[in-house]
Structure formats: C-alpha cells, structure tokens
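[1] The following comprises the amino acid sequence and a computationally predicted model.
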Amino acid sequence: MTLLKSWVTSANTADHPFPLNNLPYGVFSTGEDDPRCGVAIGDMILDMAQAEATGLITLGETAYFDVPFWNEVMEDGPALWSALRKRLTAIFAEGSADQAAAEALLVARADAELYMPFLVAEYTDFYAGRQHAENMGAILRGGPELPANWLHIPIGYNGRASSVVVSGTPVRRPLGQMKAPDAEMPSFGPCKRLDIELELGAVVGTGCDVGSNITTEQADDMIFGYVLLNDWSARDIQAWEYQPLGPFQGKAFGTSISPWIVTKEALEPFRTSVPPRDHKLLPYLTESKPGLYDIELEVLMQPEGSETTTALTKTNYSRMYYSAAQQLTHHAVGGCGMTPGDLLGSGTISGPTKTEYGSLMEMGWAGKEPFTLDSGEQRSWLEDGDTMTLRGNARGKGYTIGFGDCVGQILPALKDQFNS
Ligand code: MN
C-alpha cells in the first residue's frame, strides 16, 4: 500500500494524518449548526448528513446520518462498513466524477468543533501491557513478578461509560477517600497522585447476545475501529480501594478519547503479531491472524501558562501482550452480552525503557524519581492546569494513518464541602 492520491490536495503528503488511505469518522459542527457525522480528509471534513441528503452517499433504504453519532452504521456490520469506505474512497480519489458534488459539502477542519464520535454503551478497561504490569508490580509489590493469572487471562474491569469524554474536554481532579501507608486512618480530599494511562480504545461495532460465546475471529469482525484513550487515574484513591474488587472511584472521574474513529480497514496494512507467549494460551484465546497493529504512540505534557510542550514518551501499540480481539473474546466467551458502542481500553502501553512508559506512575516511579520537563519544572504527578496530549500514527510507505490528538487539561478539584 502506498499513498492514495486525492483531489483534496492537502491529503496528499506523507505525514498528513488524514490521507485518502485513512478516512476516519467523527462528529462535528461549525458555528450554530447541529452536530453531525463527518469524515476527515486532509484539512477538510465531509458533511455526511448533507452527503446522504443530497444523494452523494446512499446506503440502501435506511438513513444513517440523520443522527450525530456513528452507532447506526456500526451496528449494521462489516459489509456496510466496507461498502461505505469503498464509496468514500471513490468519491475522494483523484479524477473522481463526484468531485464537484463532494467539494460543495466540505468544511474546513480548522473551523469545526468536534464531539463524541459514538455513543459509548459500556466501557471496559484491560491491563494487557506486560511492561506496565511488571512496572506496577515492582512499584507496588517490590518485584516485577506478574500476577499468577496474567499470562493466561487478559485482565480487565468494568469501567464507566458515563465519564468517557471527547478530546478537548477538561478533566476535573477528583475528590475521594485515600489512606497514606503510614497514616492511621483514611482521609477525604482532592487526589494528590493524579495520573494518565496511554491506551488504545477498541470500538465494538456489532454486539453479541447474552449467553452466547465468540471466537477471536468473530471478535475481530465485531470491532469497528480504534481511538486513542487516556484512562485518567487517581493513584492514591485507587491504592486504597482496589483490593479485592479492582479499581472503582480512582478510575471513574474521566476517560478521554480522540475524536476520530480510525477504522479497522484503514489499519489493516499495519497488523502485527502479539509478542511470544510464555505459556500457550487456552484454545479459546488463540488467534488465526495477527491481532495487534504497528502504531507509534506519544505522550506530551504542557503546564499551564508554559509555551513549552515536553515529549515524555514514545512507544508502540505492538508491545501489548493481548490484542483487542482476544480481550473481546475473553469478555464475551463466558456469556457476557456485548453491545454496539462498547469501548475496550487496551491497558496502559509501556515499552522497556523509561522514555517508553505510558503513565506518570512509571515515569516518576510513584513519586520517588521526579522527572524534569523541558520548561524546567519537575513533576511526579499531574498539577492543576497541566495539559496532556496523546498522539498516534501508523506509518506506511509515503503515508500516515493518524488518530488526531487526544487532549485533556486538569481542572482544580471542587471545594471539599466535607472538610471546612
Ligand atoms: Mn487503564
């Protein structure tokens, strides 16, 4: 695969995140207009509501783009996804007969406000990064030994769909109960150990019934696409609450996603295998095709009032131990129904060295080794006003499949009305 040329000339460069090869799906508005579905191409967005209303795009009898979310397309399955992508690819190809009709329906991305691209049905977060799990073991339990189940099960917990927000939405520092190791009693107050988790989110397109089970092949077919995901984490709240049932309030106050769903089809050339297995996985988790993707990931940090942005981390999604299809299979195989719009967080993505860690907990070794930003400031945890950006790009021959930044700024905690 090489760069596919488009008459939208801004899309025709090797490093533009949204070439014709990508065509990611979002929801946008300009000025006073209502939010509606859009497809990014180069510096422009195609208005899908107008494209359908004018007959440029018809997907059978049903109207898909009279709503400001992609769920109706998602739930109709892979044949429809392919047909839509094929049509969009033809519309935007160099020399297309549809150029004039489509050109009239483009808006500049710079003028657009972006919204949640889909309605999140439920949100599940996994723990599938081996380096991250080993680092957390070393920090919390004094050694990098993985939990006994880790090499056999994609460990996860059920999170909150209600607090998933689109990039650009500020995230408020949570209040909660915590207990310092040397304190006699717990206390309530603003989180002091606020953190990020660099993750990829898999967007489930089609569901499966309660009481059914699915193979990894079926699970892969159910995945519509991927977004960047920041699983904001309150480490002090989490540390006190997480045993024995896992994270709860320490993870429930915010999860940010990037605004464009990058389709599985766009990522197809970047498929790559999971790393070698220490133990053979049980048959229900085996995959017949590579389940991960070669996606370069970055974490950037900018303190409030500072002109300087620091690149903290560069790593790659291909470092994960379990693929999204394996996670979805494990999720559903015991009879748990899955719903169109379910969101699966990959787990924190960390590589083997300090400049590849996907959380501040690892970068600053739980506050023991503060790190210095390019602006000269030190950090162990997030401070109010800090802006965190996740970035993702898959690099092809002469083209890039970009995700669009996943950005969030920390707001100060609400006044604690219980301690005056
Ligand atoms: Mn997480």
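    Great, that's in hand.

[2] Just want the residue of this protein that's nearest the ion.
    Of all residues in the chain, Asp231 sits closest to the ion, at 3.5 Å by C-beta to the ion. In short, each C-beta sits where N, CA and C put it, glycine included.

[3] wouldn't that residue be in contact with Lys251 here?
    Yes: here Asp231 reaches Lys251: they are 6.5 Å apart, a contact under C-beta atoms under 8 Å.

[4] Common neighbours of these two, please.
    Residues touching both Asp231 and Lys251 (C-beta atoms under 8 Å, 6 or more residues apart in numbering) are 125, 159.

[5] re the thing from before, for the residue of the chain closest to the ion, give me its contacts.
    Per C-beta under 8 Å, 6+ apart, neighbours of Asp231: 125, 159, 196-197, 199, 251, 255, 345, 348.

[6] next one: Gly168
    Here Gly168 is in contact with 114, 259, 407-408 (criterion: C-beta under 8 Å, 6+ apart).

[7] So which of those residues wins on neighbours?
    Pro259 (28 neighbours; other C-beta atoms under 10 Å).

[8] Let me see the mean pLDDT of stretch 314-332.
    The average pLDDT within stretch 314-332 is 98.

[9] Could you list the buried residues of that stretch?
    Across stretch 314-332, burial judged by 16 or more other C-beta atoms under 10 Å covers 315-332.

[10] Roughly how far does the closest residue to the residue of the chain closest to the ion other than its chain neighbours sit from Glu103?
    Distances taken as C-beta to C-beta, 6 or more residues apart in numbering put Glu197 closest to Asp231, at 3.8 Å, once the chain neighbours are dropped. Between Glu197 and Glu103 the computed distance is 41 Å (C-beta to C-beta, to the nearest Å).

[11] and if you look at Leu200?
    Leu200 is 33 Å from Glu103, by C-beta to C-beta.

[12] between the two, which one's more packed in?
    Leu200 (25 against 12).

[13] which secondary structure elements does the helix or strand that one falls within contact?
    Using DSSP states H and E, the element containing Leu200 is strand 198-204. With contacts taken as 3 or more C-beta pairs under 8 Å, 6 or more residues apart in numbering; DSSP states H and E, strand 198-204 sits against strand 223-230, strand 296-302, helix 324-333, strand 343-345.

[14] Now with 6 Å, please.
    strand 223-230, strand 343-345 (3 or more C-beta pairs under 6 Å, 6 or more residues apart in numbering; DSSP states H and E).

[15] contacts for it?
    Residues outside strand 198-204 that contact it (C-beta atoms under 6 Å, 6 or more residues apart in numbering): 222-227, 229, 231, 257, 261, 299, 317, 324, 338, 342-346, 349, 358, 390.

[16] do stretch 13-30 as well
    By C-beta under 6 Å, 6+ apart, stretch 13-30 touches 3-4, 6, 11, 35, 37-42, 45, 68, 70, 88, 92, 107, 111-115, 117, 259-262, 266, 398-402.
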